[in-house]
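K.L.:
Got a predicted structure plus its sequence, pasted below:
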Amino acid sequence: MDSGIVLFDGVCNLCVWSVQFILRRDRRAYYRFAALQSPVSQHLLRQHGIQPPADESVVLIERGYVYTHSEAWLRITRRLSGLWPLLSVVVVVPRPLRDRLDIWIAAHRYRWFGRRDACWVASPQPRGRFLG
């Protein structure tokens, strides 16, 4: 499969905004999406030998590999239009430091950005890019 799959927290406002951000900048329609709460995501994670994470905000599955935390975000930005691929220079920062920041933001995301009562559903136009 020549696409990446972004699994996101479908009730997190920050995560939903991030998916909308990716959709606007993914001009080649490389990424597909699924809410972490969906059966599709649960199946994909188990298929890759990963227990579904309770505290993740985003997981990227690309070419048979699973990426979480800062590594997922940096890999996602590589394929976006504009200057976003330049963020890959952040890879020089040691991963434990990058991941610590990501985990800290994820731990506070509901308090800072809010939480939805139900998973977000995409508008009709990009709906074909969503799995399940």
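P.N.:
Yes, it's here.
K.L.:
The nearest residue to residue 117 once chain neighbours are set aside: neighbour count?
P.N.:
Among residues not flanking residue 117 along the chain, residue 11 sits closest, at 7.5 Å (Cβ to Cβ, 6 or more residues apart in numbering). In short, each C-beta sits where N, CA and C put it, glycine included. Using other Cβ atoms under 10 Å, the number of residues around residue 11 comes to 18.
K.L.:
Is the spatially most central residue of the chain bridged to anything, and to what?
P.N.:
Among the residues of the chain, residue 58 comes closest to the average C-alpha position under Cα atoms, centre = their mean, at 3.5 Å. Applying DSSP bridges to residue 58 gives these bridge partners: residue 8.
K.L.:
OK, contacts around it?
P.N.:
Counting by Cβ atoms under 8 Å, 6 or more residues apart in numbering, residue 58 touches 6-9, 15, 18, 68, 72-73, 76.
K.L.:
For the residue lying farthest from the centre of the chain, grab phi and psi.
P.N.:
In the chain, the residue that sits farthest from the middle, by Cα atoms, centre = their mean, is residue 92; the gap is 21.2 Å. Note on residue 92: its backbone torsions stand at phi -70, psi -20 [degrees, to the nearest 10].
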